[in-house]
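**Q** Just the structure for this:
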Amino acid sequence: MEDKDMYTPQEIQGQTQPVPGQESRMNPQPIYDNPDYKGAGRLKGKTAIITGGDSGIGRAVSVAYAKEGCNVGIVYNTADDDANETKRAVESYNGKALLIKGDIGDSSFCNQIVEKMIGEFGSFDILVNNAAEQHPQKNLEDITDEQLLRTFQTNIFSMFYLTRASLPYLKENCVIINTSSITAFKGSADLLDYSATKGAITSFTRSLSANLADRKIRVNQIAPGPIWTPLIVSTLEKNAVGTFGKDTPLKRPGQPVELAEAYVFLASDASTYITGQTIHINGGTIVNG
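**A** Numbers count the residues shown, from 1 in each chain. As a prediction, this is how the structure comes out:
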């Protein structure tokens, strides 16, 4: 898929939606699949949990995994229509998909995710901690206690909860992949709490990789830049949506499909000597971290 096929800021300007946003209502809709790529069986026989799997990056990863022979547990919060569309796409590539709805900021729900996956598939090999939320604020004083707690619960507490629940079932050569952000490395003036959670995810990834090295479980992360997802149209102002991604060297936002291959690589046997690392997919911004 060539760069000319992707959307420019001018094509996406002026859109907003209520939080948390729905991919089905975006115009143009994010590109989550490249039908020209047929898959190569790189994850054949494996099963993955993917949080935030109903839309955006999570949908793209779910579909890419299915194309590689992987079954998926699609964890989502509210968007039933989006989740069912992801399930349909996964099944169109002969993958099995289990929809699991709930709040990953709740540790008991994270335990239920694992129980349902074991009940449905018997085991799983890949955990993709991807779901996140953001609430831009111009001033630190405008971040309420409730917002701060909510952002941390969804973005980083959930990774502790779900990883903790998963570890008894993860064996040697299993993989954990976390979604961080460019904001962990260069900051964001209007996303103080969100950026702090992404910094925590980066430290969590590096520390957990060391903690699990003796168990031969690999832990890595992807740090996306500006990616065209429901998170953007549901949290940014209209003028910000209109210029979204324009400040990157490639002068446009990324599409979810442009990240999916990295998640496949980190989950596959092609990356068996990689752990504790970050893959930056941000349109060319150099962050040196």
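**Q** Helices of the chain, residue ranges please.
**A** Listed in chain order, the helices of the chain (DSSP state H) span 9-12, 56-67, 80-92, 107-121, 145-152, 158-166, 183-186, 192-212, 230-235, 238-242, 257-267.
**Q** Give me the helices and strands touching the third one, please.
**A** Think helix 80-92. helix 56-67, strand 71-76, strand 97-101 (3 or more CB pairs under 8 Å, 6 or more residues apart in numbering; DSSP states H and E). Every residue, glycine included, has its C-beta placed from N, CA and C.
**Q** most neighbours per residue, which of those?
**A** When neighbours are counted by mean count of other CB atoms under 10 Å, the highest per-stretch mean among those falls to helix 56-67, a mean of 30.
**Q** so that helix versus helix 80-92, what angle?
**A** Orientation check (axes from the mean of the first three to the mean of the last three CA atoms, to 10 degrees): helix 56-67 against helix 80-92 gives 20 degrees.
**Q** if I pick N282, what's in contact with it?
**A** N282 is in contact with I182, A223, P224, G225, P226, T248, G254, counting by CB atoms under 8 Å, 6 or more residues apart in numbering.
**Q** likewise Y37?
**A** K67.
**Q** mind checking how far it is from V63?
**A** Here the distance between Y37 and V63 works out to 11 Å (CB to CB, to the nearest Å).
**Q** Can you tell me which of the helices of the chain is most buried?
**A** Neighbour counts (mean count of other CB under 10 Å) averaged over each of these peak at helix 56-67, with a mean of 30.
**Q** tell me what that one is packed against?
**A** Under the contact criterion of 3+ CB pairs under 8 Å, 6+ apart, the helices and strands touching helix 56-67 comprise strand 47-51, strand 71-76, helix 80-92, strand 126-129, helix 257-267.
**Q** Report the inter-axis angle for it versus strand 71-76.
**A** Using the same axes, to 10 degrees, helix 56-67 lies at 160 degrees relative to strand 71-76.
**Q** angle of helix 56-67 against strand 47-51?
**A** Counting by the same axes, to 10 degrees, helix 56-67 lies at 170 degrees to strand 47-51.
**Q** before we move on, back to that, wait, which of the helices and strands packed on helix 80-92 is closest to E261?
**A** With CB to CB as the measure, helix 56-67 is the member of the helices and strands packed on helix 80-92 nearest E261 (6.8 Å).
**Q** Tell me how far the closest one lies from the chain's centre.
**A** Between the mean C-alpha point of helix 56-67 and the mean C-alpha point of its chain there is a distance of 9 Å (CA atoms, centre = their mean, to the nearest Å).
**Q** With stretch 119-129 instead?
**A** On the basis of CA atoms, centre = their mean, stretch 119-129 sits 16 Å off its chain's mean C-alpha point.
**Q** in that stretch, what's buried?
**A** F121, F124, D125, I126, L127, V128, N129 (16 or more other CB atoms under 10 Å).
**Q** do stretch 250-257 as well
**A** L250, R252, P253, G254, Q255, P256, V257.
**Q** what are the bridge partners for the spatially closest residue to T205 that is not a sequence neighbour, then?
**A** Using CB to CB, 6 or more residues apart in numbering and skipping the chain neighbours, the partner closest in space to T205 is Q221 (4.3 Å). Beta-bridge pairing of Q221, defined through DSSP bridges, involves N178, T278.
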